[in-house]
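S.K.: no sequence on this one, just coordinates:
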């Protein structure tokens, strides 16, 4: 486990994956953001370790900093954006009956990862 996965926005590392829960350490580079996305089979909880971000859940957006806690329900649209100069680091805890990386629906993406047929819909 614990292999760092590089992404265009930064990286993540799975630190635990057992019994319907997965924990990741996620780092977002300055000025980058995750896809605006949702999941059908898991909820997520985010705990900000360092940096400054702008989080969106549903139709609300607010600033987060070290110690901030964010809850995301199953099916809720969400995104994290690094709004600071330093890396934004947070833990993501996923809880659900399926925790695969393919349980993601991207609504907006800065890196062209939405299939053309999905974007046209």
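M.R.: Cool, the structure landed. This one's a predicted model, so the numbers in the text were calculated from it and none came from an experiment.
S.K.: Which strand or helix spans residue 22?
M.R.: strand 21-28 (DSSP states H and E).
S.K.: before we move on, what about residue 100?
M.R.: Using DSSP H and E, no helix or strand contains residue 100.
S.K.: what do you get for residue 111?
M.R.: Residue 111 belongs to no helix or strand, assigned by DSSP H and E.
S.K.: Contacts only, for it.
M.R.: Applying CB atoms under 8 Å, 6 or more residues apart in numbering, we find residue 111 in contact with 8-9, 35. From N, CA and C alone the C-beta is placed, and that goes for glycine too.
S.K.: tell me how far the helix or strand encompassing residue 12 is from the chain's mean position?
M.R.: Taking DSSP H and E as the definition, one finds residue 12 inside strand 10-18. Offset of strand 10-18 from its chain centre (CA atoms, centre = their mean, to the nearest Å): 11 Å.
S.K.: and it, what does it pack onto?
M.R.: strand 4-7, strand 21-28 (3 or more CB pairs under 8 Å, 6 or more residues apart in numbering; DSSP states H and E).
S.K.: Measure how it sits relative to strand 21-28, angle-wise.
M.R.: 170 degrees (axes from the mean of the first three to the mean of the last three CA atoms, to 10 degrees).
S.K.: Buried residues in strand 10-18, which are they?
M.R.: Buried residues in strand 10-18, counted by 16 or more other CB atoms under 10 Å: 10, 12, 14.
S.K.: Now tell me what touches that strand from outside.
M.R.: With CB under 8 Å, 6+ apart as the criterion, strand 10-18 contacts 1-5, 22-29, 32, 82, 87, 91-92, 99.
S.K.: Got a ChimeraX select line for the buried ones in the residues you listed?
M.R.: A single ChimeraX command is used to select the members of these judged buried by 16+ other CB under 10 Å:
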select :22,23,24,25,26,27,28,32,82,87,92,99
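S.K.: Tell me how many other residues surround residue 8.
M.R.: Per other CB atoms under 10 Å, the neighbour tally for residue 8 reads 11.
S.K.: For the spatially closest residue to it that is not a sequence neighbour, give its distance to residue 11.
M.R.: Of all residues not flanking residue 8 in the chain, residue 111 sits nearest, at 4.4 Å (CB to CB, 6 or more residues apart in numbering). Distance check for residue 111 against residue 11: by CB to CB, to the nearest Å, it reads 14 Å.
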